[in-house]
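# Model the structure of this input:
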Amino acid sequence: MARIAKHPERLRFETKFQVRKAASGVRVVSGFANVFSVDGEDFIDVVDDIVLTGSFDKTAKERIPAGLVKFMDSHGWDTGAVMGTVVTGEEREVDGVRGFWFEAEISSVAPAQELATKIDEGHIDRSSIGFDIVRVSFEERDGRRVRLIHELKLMEISAVPFAANEASRIQMAKGIVPVQGLPMASVEWMPAQARVRVDLWAAAKDAAPGTRAARLGKAFVYQAGESSTDCELLLCDVIGGKLHVVEGAVRDAARDLELSQHHVPEAAIADAKRHVGEYLASLSLVAPWDAKGVVERNLARHAVGAQTEEDRSGLIALLSSLDKETKAAAVAALDAGEVATDGQRETDTMRVNLDLLGFDLED
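Below you'll find the predicted structure:
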């Protein structure tokens with residue numbers, strides 16, 4: 001019979017979380033709640049416990065589907081500490097680490113979203129479980145008396161700043177990846193080659209076990225899984241062994257977002273645009289979703305100084321590149337006397353904006 005405790009036992013496991021946004025827009029945290037073994041060897045934590053394969057089977061079948069396992073902040077035993085609900089759980093092996101993998105849907109309330117952001121940013125990367133013991137045994141291992149946990153009743157999984165089990169990491173907070181503050185590089189952008197280099201960098205042998213997915217996500221705007229094929233809008237390449245944001249990648253991501261050439265869920269697109277928009281601003285570029293409004297309202301002001309016939313001809317040539325509706329709005333702005341006085345600089349600005357919009361200025 002299970003031992004029912006007022007406060008269930010708490011084992012802490014160092015894991016890397018992952019965060020994503022589901023199609024519904026709900027953020028989902030995932031990672032190892034507990035680690036059984038590393039590279040085929042049973043993992044003994046600092047309190048001399050070994051949690052065995054199969055120990056979570058009943059919980060996975062009964063308690064998780066019923067919504068009875070909560071995702072908590074640091075084992076707080078009250079409603080304010082509930083950050084979400086665990087929705088799936090299974091045994092899984094990642095990079096030689098085998099354990100109980102979970103996904104938890106995060107509440108929309110501010111404290112829960114703040115916790116998910118801290119996970120996304122890498123400030124919180126460890127998990128811990130609260131449980132009741134159902135069946136255990138003891139044995140000697142290398143002069144240590146260890147407890148073998150054969151079955152447990154899982155009550156909650158917590159995000160914690162410190163943990164006892166050094167193998168378990170929360171893998172990622174799936175969804176929009178926070179802006180990483182990475183250095184910017186003006187190098188030739190070769191997306192296919194960059195993706196290969198990012199994959200290799202994420203799986204580097206000197207990286208901490210179980211961190212590949214979290215490292216991978218840093219290179220993208222949106223992450224929905226553990227593979228680069230589950231990520232959208234690559235922004236980075238590996239230069240000198242380190243991730244760098246590449247200017248050409250930022251331009252491509254902006255164009256793909258504007259033209260809907262991506263698989264970012266609808267609910268996450270606004271956040272994706274904000275993410276890419278920060279990099280565009282650092283390059284002194286106007287985001288295409290903002291540039292359209294600039295063109296429609298004030299093209300003449302931002303294009304050329306139409307004080308001479310030559311300038312006016314240049315403006316007409318520029319207008320010929322626009323779609324019908326945008327051209328009409330621009331002509332109306334010109335007719336209204338919205339004339340620029342700083343010609344070439346603003347011409348260059350508008351040419352960059354139109355390029356981002358996908359207009360071909362050479363034809």
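# What are the buried residues along whichever strand or helix holds residue 148?
Following DSSP states H and E, one finds residue 148 within strand 144-160. Buried positions in strand 144-160, judged by neighbour count with 16 or more other CB atoms under 10 Å: 146-149, 151-160. Any C-beta I mention is one placed from the backbone N, CA and C, and that applies to glycine too.
# Pull up the pairing partners for it, direction included.
strand 49-51 (parallel), strand 70-73 (parallel), strand 126-141 (antiparallel) (DSSP bridges).
# Which parts of the longest one count as buried, going by neighbours?
Which is strand 126-141. The neighbour-count check on strand 126-141 (16+ other CB under 10 Å) flags 126-131, 133-134, 136 as buried.
# Export these as JSON lines, with columns for pLDDT and distance to residue 181.
Shown next, in JSON lines, are those (pLDDT from 0 to 100; distance: CB to CB, whole Å):
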{"residue": "126", "pLDDT": "85", "distance to residue 181": "23"}
{"residue": "127", "pLDDT": "86", "distance to residue 181": "25"}
{"residue": "128", "pLDDT": "85", "distance to residue 181": "29"}
{"residue": "129", "pLDDT": "88", "distance to residue 181": "33"}
{"residue": "130", "pLDDT": "86", "distance to residue 181": "35"}
{"residue": "131", "pLDDT": "85", "distance to residue 181": "38"}
{"residue": "133", "pLDDT": "85", "distance to residue 181": "44"}
{"residue": "134", "pLDDT": "91", "distance to residue 181": "46"}
{"residue": "136", "pLDDT": "91", "distance to residue 181": "46"}
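# now for the residues you listed, which pair is the farthest apart?
Using CB to CB, those span at most 24.7 Å, a distance reached by 126 and 134.
# ranges for the helices of this protein?
57-58, 110-121, 191-202, 212-217, 247-258, 269-282, 288-302, 309-319, 324-335, 343-356 (DSSP state H).
# now the second one and strand 144-160, what's the angle there?
Angle of helix 110-121 versus strand 144-160, following axes from the mean of the first three to the mean of the last three CA atoms, to 10 degrees, is 120 degrees.
# Send me helix 110-121 as PDB with only the CA atoms.
Below are the C-alpha coordinates for helix 110-121, written out as PDB (Å, rounded to 0.1, in the frame of the first residue of the first chain):
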ATOM      1  CA  ALA A 110       1.600  36.400 -15.100                       C
ATOM      2  CA  PRO A 111       3.600  34.400 -12.500                       C
ATOM      3  CA  ALA A 112       3.400  31.300 -14.700                       C
ATOM      4  CA  GLN A 113       4.400  33.100 -17.800                       C
ATOM      5  CA  GLU A 114       7.300  34.700 -16.000                       C
ATOM      6  CA  LEU A 115       8.500  31.300 -14.900                       C
ATOM      7  CA  ALA A 116       8.300  30.000 -18.500                       C
ATOM      8  CA  THR A 117      10.300  33.000 -19.700                       C
ATOM      9  CA  LYS A 118      13.000  32.300 -17.000                       C
ATOM     10  CA  ILE A 119      13.100  28.700 -18.300                       C
ATOM     11  CA  ASP A 120      13.300  29.900 -21.900                       C
ATOM     12  CA  GLU A 121      16.200  32.300 -20.900                       C
END
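# Not counting sequence-adjacent ones, nearest residue to residue 96?
Leaving aside its sequence neighbours, residue 96 sits nearest to residue 39 (CB to CB, 6 or more residues apart in numbering; 4.6 Å).
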